[in-house]
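J.: Sequence first, then the predicted structure:
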Amino acid sequence: MALSALPQQARQTVTLIQRGGPFPYPEDGSVYDNRNRRLPAEPLGYYHEYTVPTPGDSDRGERRIITGRNGTYYWTADHYASFRRINLSG
């Protein structure tokens, strides 16, 4: 999916990731273990997760950006139930 098709908060999170922070949640940047195997199989430590704030939610909500060591970005709006690869140039 095109970066431009993501919600504004997700685009802002991508910008923060690319800048190296600062991130609003202490969990941001932690290892995502891909336990549900919905992303390509890679060694532990390959993926990292970042919170995408949801307006009106008082906690971290369900939206995340997952990054891969090779520079891939994935979007999930349903707390890891499904993923879409992000085209950063779109």
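T.: Yes, it's here.

J.: pretty sure Ile86 is touching Thr76, no?
T.: No. At 10.6 Å, Ile86 and Thr76 do not qualify as touching, with contact defined as Cβ atoms under 8 Å. Using the backbone N, CA and C atoms, a C-beta is placed for each residue, glycine as well.

J.: bridging residues for the spatially most central residue of the chain?
T.: Of all residues in the chain, the one closest to the mean position by Cα atoms, centre = their mean is Ile65, 0.7 Å from it. For Ile65, the beta-bridge partners are Tyr50, Trp75 (DSSP bridges).

J.: Can you give me the pLDDT of it?
T.: pLDDT for Ile65: 98.

J.: Make sure I have this right: Gln12 is in a helix.
T.: Yes. Looking at Gln12 with DSSP: H, G, I helix; E, B strand; the rest coil, it is inside a helix.

J.: and it, what is it in contact with?
T.: Residues counted as contacts of Gln12 (Cβ atoms under 8 Å, 6 or more residues apart in numbering): none.

J.: That one and Asn34, how far apart?
T.: Gln12 is 24 Å from Asn34, where distance means Cβ to Cβ, to the nearest Å.

J.: now Asp78
T.: Distance, Asp78 to Asn34, by Cβ to Cβ: 16 Å.

J.: out of these two, which sits in the busier spot?
T.: Between Asp78 and Asn34, counted using other Cβ atoms under 10 Å, Asn34 has the larger neighbour count: 19 against 10.
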